[in-house]
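Novice: Sequence and predicted model, in that order:
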Amino acid sequence: MQNDQLSWYRIIAPGILLAATGVGAGDLLTSTLAGSEAGLAVLWCVAVGAILKWTLTEGIARWQLATGMTILEGWSWRLGGWIRWVFLCYLLLFTAVVGRALTSACGVAGTGFYQIGDDPQTSVLIWAVIHSLVGLAMVLLGSFALFEKVMSALIGIMFVTVLLTAVVISPDWGAVALGFIPSMPANGSEWVLAVLGGVGGTVTLLSYGYWIQEQGRKGKGMLPICRIDLAVGNGVTGLFGVAVIIIGSRLELQGQGSMLALAMADQLAAAIGPAGRWIFLLGFWGAVFSSLLGVWQSIPYLFADFVDLQKGQSGQRGKTDLRTQAPYKIYVCVLAIVPLFFLETPVKQIQLIYGVFGALFLPLLALTLLIMNNRKSWVGEGYRTPWVLNAILLGALLLFTFLGLNELLAG
């Protein structure tokens, strides 16, 4: 890498992209409801969740830097080609469910600023289409450098406005500190599981490997740099989650869905004045549009990688040119356009199936990292996972398996 690429911005950029993409409407609303229902007692879950996600993503970087293969290639070449077909099913369901959720949330954010027409639902649909197509144009026509800068600006808006809102509502800072002591709230134990599982994304963790390839990070010497930018990214995600729980603890909320964000904004206006509404809405918009843009840009890498694997391409070839290939461009269009047809349609069966696959994804990732990154013949002695991180990965495997079983039983 050139010296200019080692500037502080270049070092932390992939972690910032991961934070911006991983925190979407679902995480924001789940954390807010958790704060409303269980109070500040669930703050410790944010810290634990961030540590677990840091360890999982560090494992993804470790494998890629050691072998030159993406994690999807590693699954295929080392664990069997069947796993990529299972992952493709999950990816397609992710596209339908998460794409629909993100476009809808962006529609709600736009409507919060300016309602188009007399019907709020029509306004949400129009704004959803606008955001989706703008994201499509930015990914297809813009450079990776532009993508990095826009995402950094969006997460800056999200981070500053939400933290400012949390400070302005004047929480009990002593109670905030006590919230980081692990405990099980008597009236909200289910929210502990929800916050632990919801900090910082699921399949979007895999995007990190493609972003560090875009920067040209290769070899053992890059692992410390990856740890730094992942610490920054997960730190931003964690602080954002803490701020949202603090905000939620001061509100009385009911219901679910992204329209809840407008109710939150109205309550903040009543509590701290009209400025509170606009500040929160700006932060909400920054969170959901950055997540949409990040998903639109990163998920097609996975589909293009899958297509390459089907062609029998070697993992040693490198994947820095995936964005120029037809499968990547086709899947960007699929992501941006197909979910728009489901905006007014309940997709409960798709969500149920997606929930089953989603419940299994993080345990599968933790298990495969434990297997792949501890084989000396696969990664080399210098890349094997230290025992401390193995212990955290084992904890992640057990926790996310437990969360997944709970989700399956609830489904």
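Specialist: Here it is on my side, so go on. What you see is a predicted model, and the numbers here were worked out from it, not measured in a lab. Numbering: from 1, shown residues only.
Novice: Buried residues, the helix or strand harbouring Leu92. List them.
Specialist: Using DSSP states H and E, Leu92 sits in helix 82-113. By neighbour count on 16 or more other Cβ atoms under 10 Å, the buried set for helix 82-113 is 83-84, 87-88, 90-112. Quick note: C-beta positions are derived from backbone N, CA and C, even for glycine.
Novice: Now for Leu17, how many residues are close by?
Specialist: Leu17: 30 surrounding residues under other Cβ atoms under 10 Å.
Novice: Also Ala271?
Specialist: 16.
Novice: what do you get for Gly135?
Specialist: Neighbour tally, Gly135, other Cβ under 10 Å: 23.
Novice: got a list of what Lys329 touches?
Specialist: Lys329 is in contact with Leu140, Pro300, counting by Cβ atoms under 8 Å, 6 or more residues apart in numbering.
Novice: now the helix or strand hosting it and helix 82-113, what's the angle there?
Specialist: Using DSSP H and E, Lys329 sits in helix 326-337. Orientation of helix 326-337 against helix 82-113 (axes from the mean of the first three to the mean of the last three Cα atoms, to 10 degrees) gives an angle of 40 degrees.
Novice: what about stretch 208-219, how long is it end to end?
Specialist: By Cα to Cα, to the nearest Å, the extent of stretch 208-219 from end to end equals 16 Å.
Novice: now stretch 105-119
Specialist: Using Cα to Cα, the two ends of stretch 105-119 sit 16 Å apart.
Novice: neighbouring contacts of it?
Specialist: 24-25, 120, 122-132, 258-259, 261-262, 265, 281, 284-285, 288-289, 292, 343.
Novice: Distance of Pro300 relative to Gln267?
Specialist: As judged by Cβ to Cβ, to the nearest Å, Pro300 and Gln267 stand 38 Å apart.
Novice: quick check: mean pLDDT across the helix holding Leu92?
Specialist: Throughout helix 82-113, pLDDT has a mean value of 87.
Novice: any idea which element the closest residue to Tyr210 other than its chain neighbours lies in?
Specialist: In space, and not counting its chain neighbours, Tyr210 is closest to Tyr301: 4.2 Å by Cβ to Cβ, 6 or more residues apart in numbering. Assigning secondary structure by DSSP H and E places Tyr301 in helix 274-310.
Novice: okay, the angle between that helix and helix 82-113?
Specialist: Using the same axes, to 10 degrees: helix 274-310 against helix 82-113 is 160 degrees.
Novice: ok so, going back, burial measure for the residue nearest to Tyr210, as a count.
Specialist: Neighbours of Tyr301 (other Cβ under 10 Å): 24.
Novice: Relative to Pro327, how far out is it?
Specialist: Noted for Tyr301: a distance of 10 Å to Pro327, by Cβ to Cβ.
Novice: Next: Trp77.
Specialist: With Cβ to Cβ as the criterion, Trp77 and Pro327 are 19 Å apart.
Novice: Repeat that for Leu79.
Specialist: Per Cβ to Cβ, Leu79 is found 22 Å from Pro327.
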